[in-house]
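Chemist: would you be able to build a 3D model of this:
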Amino acid sequence: MIKPVFLLTDLLIFVLVAVVIGFAIYARRHEHLRAPWRQVFRSRTGVASLLVLSVYIMIGLLDSVHFRLPLEVPDNGLQASSQQGQPQSHYSVEVLSLLDMALRPLREQAEKTYSAPLATTLFARETVELPDGSQQRLYPRLIYGGAHLHNPAAERGADLFKRTGVAIVMALVVWLLLMTLLLWLLAYRRRLSLAQMLDNVLHRREAVPWLVVVLVSALLLVLVMLMIWLAPAYHLFGTDKVGQDVLYQALKSIRTALAIGTLTTLIMLPFAVLLGILAGYLRGWVDDVIQYLYTTLNSIPGVLLIAAAVLMLQVYIDSHAELFATDAERADMRLLFLCMILGITSWTGLCRLLRGETMKIREVEYIQAATAFGVRSSRIISRHILPNVMHIVLISVVLDFSGLVLAEAVLSYVGVGVDPSMHSWGNMINSARLEMAREPMVWWALVAAFVFMFVLVLAANLFADVVRDAFDPRLRKG
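Modeler: Okay, here's the model as predicted:
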């Protein structure tokens, strides 16, 4: 039996997922919330970016279910027993996730050192002893990359072409099955024939841009199938200095980026919304105190504050090692603490925006009328002010998410980010920076981190623009 491991960030991530699901159910029952989201799902850009974000979120959730595998202890008659007389289970100190199990070939197939993407030999020459006793400097064969090839120089191109073709065919087959099922469900719901539904999708007669869903899904399936068919046989993005697969590191870094972006936002949001609206609505001494608070906090250099807090936590962890059973728990504590520090230092910008917007909304006629009729301030804030600043909150949250993902990369690059043992794009860039100056240059780790980070941030920013347009009362259509 496996032993579940409940990391603090895992629990917070699934609590956040439950909150999002609850909000979706609540929004579905209220037209004033359902209408803007309906506009989001009718946007081609919004749907396409949401599909990409969904893939990242799915990978992050798979990597958030952790456990420890049991060790195989030989039965030599000396096994430890529990108080009830039953054999005591022993578990590995390595904490794994569902994503680790899905990517097991990539995790376990470690080479000696660097190898280029899709290569079958190491990146640098080594002195190899030949069967006749002589020595020669050659590019040694990889242990796993292209190990199924007898003559890599002659067979590699044909094998890559074959595997790529099979991956594309498999992706198209899966895509056709999924799209047929989708069209059948849509046709059944609208009481149309399958041919009529297909004609509506192709000619864009539906409110939801299903044609964009179909095309983006096809592209994503092709990329997934290419990874499935190529990654076990070759190192798709090469290997790093100690021979670990770079694609595995890039995929494992997704959870770290999502945790930094979402948990930090979760911590920052109550401070920003509550203090910003109170400062703008109540004004007077409340406004002065809140302004003094965020002005003082903004005066502290953020990087120095984060560095001091993280280093203090590291000293505490090193001094109380008995509190953490595994390395994963120590790294997780540092990640959670980093999220807390980033949340405490990043709420001031949104707070200032909400203060200014609340001061403007406070002077409009219907707010003045509600105040004159004696409506309570709490009701005015919840029913009139909060809905009218929600578009600012949503756009700021998504843009802050993008900024926090990039901030993690910068902080890890300078050594005050997540734990060095934790996979993150910042740690990948930090490890690759010294290799950019060597000849020949080792470029693939940096490119892999850049590509994964770029796609995530771009999709988040595009989705934020669509959400802003849908929720801004001044831009809302209809």
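Chemist: just give me the neighbour total for Leu226.
Modeler: 18 (other CB atoms under 10 Å). Just so you know, the C-beta spots here come from the backbone N, C-alpha and C atoms, and that holds for glycine as well.
Chemist: that one and Ser431: what is the separation?
Modeler: As judged by CB to CB, to the nearest Å, Leu226 and Ser431 stand 25 Å apart.
Chemist: repeat for Ile260
Modeler: According to CB to CB, Ile260 stands 18 Å off from Ser431.
Chemist: and what of Ala308?
Modeler: Between Ala308 and Ser431 the computed distance is 24 Å (CB to CB).
Chemist: who has more neighbours, these two?
Modeler: Set Ala308 next to Ser431 and count neighbours by other CB under 10 Å: Ser431 wins out with 20 against 14.
Chemist: I'd say the more buried one and Gln244 touch.
Modeler: No - using CB atoms under 8 Å, Ser431 makes no contact with Gln244, being 10.1 Å away.
Chemist: which residue of the chain lies farthest from its centroid?
Modeler: Most distant residue from the mean C-alpha position of the chain: Asp132, 52.7 Å away (CA atoms, centre = their mean).
Chemist: got the contact list for Leu16?
Modeler: For Leu16, the contacting residues are 262-263, 266, by CB atoms under 8 Å, 6 or more residues apart in numbering.
Chemist: go again using 7 Å as the cut-off
Modeler: 262, 266 (CB atoms under 7 Å, 6 or more residues apart in numbering).
Chemist: torsion angles phi and psi at Glu126?
Modeler: Torsion angles at Glu126 (phi, psi; degrees, to the nearest 10) stand at phi -140, psi 160.
Chemist: and it, bridged to which residues?
Modeler: Leu138 (DSSP bridges).
Chemist: ok, it to Thr345 distance?
Modeler: The gap separating Glu126 from Thr345 is 48 Å, by CB to CB.
Chemist: which one of the two is surrounded by more residues?
Modeler: Neighbours per residue (other CB under 10 Å) separate Glu126 from Thr345, with Thr345 holding more: 19 against 13.
Chemist: quick one: that one and Pro301 touch, right?
Modeler: No - using CB atoms under 7 Å, Thr345 is not in contact with Pro301, being 9.9 Å away.
Chemist: which elements pack onto the helix or strand hosting Leu183?
Modeler: Element membership of Leu183, judged by DSSP states H and E, is helix 152-190. Applying 3 or more CB pairs under 7 Å, 6 or more residues apart in numbering; DSSP states H and E, one finds that helix 152-190 makes contact with helix 194-202, helix 210-230.
Chemist: and the strands in this protein?
Modeler: 3-5, 66-68, 96-97, 126-129, 135-138 (DSSP state E).
Chemist: can you redo the ones you listed as CSV with distance to Ala116 and mean pLDDT?
Modeler: Output for these, formatted as CSV (distance: least, CB to CB, whole Å; pLDDT from 0 to 100):
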stretch, distance to Ala116, mean pLDDT
strand 3-5, 36, 85
strand 66-68, 32, 88
strand 96-97, 28, 89
strand 126-129, 15, 77
strand 135-138, 16, 80
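Chemist: kindly reformat these as JSON lines containing distance to Thr180.
Modeler: Formatted as JSON lines, the strands of the chain follow (distance: least, CB to CB, whole Å):
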{"stretch": "strand 3-5", "distance to Thr180": "38"}
{"stretch": "strand 66-68", "distance to Thr180": "36"}
{"stretch": "strand 96-97", "distance to Thr180": "33"}
{"stretch": "strand 126-129", "distance to Thr180": "53"}
{"stretch": "strand 135-138", "distance to Thr180": "52"}
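Chemist: what's the closest of those strands to Ala464?
Modeler: Distance to Ala464, taken as CB to CB, is lowest for strand 96-97 among the strands of the chain, at 28.5 Å.
Chemist: pass me the low-pLDDT residue ranges in this protein, would you?
Modeler: Along the chain, segments meeting pLDDT under 70 span 73-89, 472-478.
Chemist: mind giving me the domain ranges of it?
Modeler: Structural domains annotated on the chain: 3-66+245-471, 149-230, as defined by automatic domain parsing.
Chemist: please identify the deepest-packed of those domains.
Modeler: Among the domains of the chain, domain 3-66+245-471 has the highest mean neighbour count (mean count of other CB atoms under 10 Å), at a mean of 18.
Chemist: and it, how far apart are its ends?
Modeler: 44 Å (CA to CA, to the nearest Å).
Chemist: now do the phi/psi pair for Val93.
Modeler: Dihedral pair for Val93: phi -80, psi -10, per degrees, to the nearest 10.
Chemist: for it, what are its contacts?
Modeler: Counting by CB under 7 Å, 6+ apart, Val93 makes contact with Thr326.
Chemist: and it, how far is that from Arg68?
Modeler: Distance, Val93 to Arg68, using CB to CB: 7 Å.
Chemist: likewise Leu462?
Modeler: 39 Å.
Chemist: number of residues surrounding Gly133?
Modeler: 6.
Chemist: how about the closest residue in space to His148 that isn't next to it in sequence, phi and psi?
Modeler: Nearest residue to His148, sequence neighbours excluded (CB to CB, 6 or more residues apart in numbering): Ala233, at 6.3 Å. The phi/psi pair for Ala233 (degrees, to the nearest 10) reads phi -90, psi -30.
Chemist: shouldn't Ala233 be in contact with Pro152?
Modeler: No - the pair formed by Ala233 and Pro152 falls short of the contact definition of CB under 7 Å, at 11.5 Å.
Chemist: what touches both of those two?
Modeler: The contact sets of Ala233 and Pro152 overlap at Gly146 (CB under 7 Å, 6+ apart).
Chemist: residue nearest the centroid of the chain?
Modeler: Centre-nearest of the chain using CA atoms, centre = their mean is Leu258, 3.3 Å out.
Chemist: which residues of the stretch 201-350 of the chain fall in helices?
Modeler: 210-230, 246-282, 284-299, 302-319, 327-345, 348-361 (DSSP state H, counting those that start in this stretch).
Chemist: need those helices in TSV (columns: distance to Leu186).
Modeler: TSV is the format used below for these (distance: least, CB to CB, whole Å):
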stretch	distance to Leu186
helix 210-230	7
helix 246-282	31
helix 284-299	49
helix 302-319	49
helix 327-345	40
helix 348-361	39
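Chemist: can you tell me which of these is nearest to Gln109?
Modeler: The nearest among the helices of the stretch 201-350 of the chain, by CB to CB, is helix 246-282 at 9.0 Å.
Chemist: what's the angle from the closest one to helix 327-345?
Modeler: 30 degrees (axes from the mean of the first three to the mean of the last three CA atoms, to 10 degrees).
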